[in-house]
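Trainee: generate coordinates for the sequence data below:
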Amino acid sequence: MFKEFLEEYSLFRKIECELPQTMDLLPKPPVNMSCRNCGSIQTFNMINDYYEFCEYSKASCADEKVRLLYECQSCRQFTRQFQVYISPELNYIYKFGQYPEWEIKMDKNLEKTLGKHSKTFRKGLVCESQGYGVGAFAYYRRMTEEIIDELLESIVDLIEVDNLEEYEQALVETKKTRVAQEKIDLVKDLLPTTLRPRGMNPLGILHSELSEGLHAETDAKCLENANHVRNILTFLINKIIQSKEAAKQFTSSMKSILEKKSKK
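Mentor: Take a look at the predicted model:
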C-alpha cells in the first residue's frame with residue numbers, strides 16, 4: 001500500500017491506513033519509477049531516515065511532516081523526494097510535496113481513442129496532480145458525458161449473443177436522454193464478461209461515481225472519485241481496444257487457414 005501511495009498518488013490525495021507510533025517503524029518500500037539519467041523505469045530505494053530532523057529514532061509520528069529521499073539503484077545519482085504529512089490520529093497520510101512532480105502522462109491508446117476529447121482528460125490530470133479534486137472530477141465527468149455515446153456503441157461488437165438484442169434496444173433508449181448516468185444505467189447490466197474483471201461491473205461503478213454530487217462532496221472526496229473515474233475509463237477503453245484487436249487477428253487467421261484449405 002505504501003509503495004502504491006508513493007508511486008501513484010497525486011498531491012493531497014489521502015490514503016487511509018494504520019500507521020506505527022514511532023518513526024523507526026515507518027516502512028521504507030522500494031519504488032519503481034522513471035529515472036531521468038537512465039531514461040527508463042528503475043528501482044529506487046530510500047536513503048535517509050524519517051527521524052533525520054528529530055532528536056531520536058523513536059520520535060512520535062503523530063501530526064508530523066517527514067521527508068523521503070529515494071535514489072536510483074542503477075545510476076546511483078538521480079534522486080526523487082517526497083514530503084509526507086502524517087495525521088495526528090495515525091490513520092491517514094498524504095503527500096504535500098514531490099520532486100520531480102507527479103507525472104502528467106496519458107496512456108497512448110487512450111489519447112488516440114479520445115482524440116479531441118483528450119484535452120479535457122489532460123486538464124483533469126493537471127487538476128488531479130495539484131490536488132484540486134473538484135476540478136479534476138468536473139473535467140473527467142465532462143469528458144465522460146462527451147464520449148459516452150461513442151463508448152457504448154463501440155461495445156456492441158463485444159456483447160454476447162444472448163444479450164445482443166436487449167443491448168441494442170437499450171442503446172436506442174440512450175439516445176433519448178442527455179444524462180450520462182441515465183445512459184449508463186440502461187446498459188450497465190448487459191456488459192460482456194470480457195469487460196467484467198472478477199465479476200466487477202466497471203460501468204456500474206462508473207454510474208455510482210458520476211452520481212456523486214460535486215457540490216455535496218469535499219475536495220478530498222472529489223479527488224478520490226476523480227481517480228476512480230479516470231481508472232475505470234482507462235480500463236474500459238483499453239479493454240475494448242484489446243478485445244477488438246484480438247477478434248480482428250482471430251478473424252484474419254481463420255480466413256487465412258480457410259483460404260489455404262480451399263486451394264488444396
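
Trainee: who does the helix or strand K65 falls within pair up with?
Mentor: Counting by DSSP states H and E, the element that carries K65 is strand 64-72. Here strand 64-72 is paired, per DSSP bridges, with strand 40-46 (antiparallel), strand 79-86 (antiparallel).

Trainee: averaged pLDDT, the longest one. What do you get?
Mentor: Throughout strand 79-86, pLDDT has a mean value of 95.

Trainee: ok, residues contacting that strand?
Mentor: Taking Cβ atoms under 8 Å, 6 or more residues apart in numbering as the criterion, the residues outside strand 79-86 that touch it are 6, 19, 31, 33, 44, 47, 61-72, 93-100. All C-beta spots, glycine's among them, are computed from the backbone N, C-alpha and C.

Trainee: the residue nearest to the spatial centre of the chain: which element?
Mentor: For the chain, the residue sitting closest to the mean C-alpha position, by Cα atoms, centre = their mean, is N231 at 3.2 Å. When elements are assigned from DSSP H and E, N231 belongs to helix 219-262.

Trainee: list the buried residues for stretch 79-90?
Mentor: Of the residues in stretch 79-90, those scored as buried under the neighbour-count criterion (16 or more other Cβ atoms under 10 Å) are 80, 82, 84-87, 90.

Trainee: related to what we said a few turns ago, among the strands paired with strand 64-72, which is nearest K188?
Mentor: Put simply, out of those the one that sits nearest K188 is strand 40-46, at 35.2 Å, with distance taken as Cβ to Cβ.

Trainee: circling back: just the buried members of the contacts of strand 79-86?
Mentor: In terms of neighbour count (16+ other Cβ under 10 Å), the buried residues within the contacts of strand 79-86 are 6, 19, 31, 33, 44, 61, 64, 66, 68, 70-72, 93-95, 98.

Trainee: which stretches in the stretch 1-150 of the chain count as strands?
Mentor: 15-16, 31-35, 40-46, 64-72, 79-86, 92-99 (DSSP state E, counting those that start in this stretch).

Trainee: how about a markdown table for those, with distance to D107 added?
Mentor: Below are these laid out as a markdown table (distance: least, Cβ to Cβ, whole Å):
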| stretch | distance to D107 |
| --- | --- |
| strand 15-16 | 23 |
| strand 31-35 | 15 |
| strand 40-46 | 15 |
| strand 64-72 | 24 |
| strand 79-86 | 22 |
| strand 92-99 | 21 |
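
Trainee: nearest approach to Q242 belongs to which of those strands?
Mentor: It is, among those and with distance given as Cβ to Cβ, strand 40-46, at 21.7 Å.

Trainee: tally of neighbours for L25?
Mentor: A count of nearby residues for L25, using other Cβ atoms under 10 Å, gives 12.

Trainee: please report the distance of it from V187.
Mentor: Distance, L25 to V187, by Cβ to Cβ, to the nearest Å: 49 Å.
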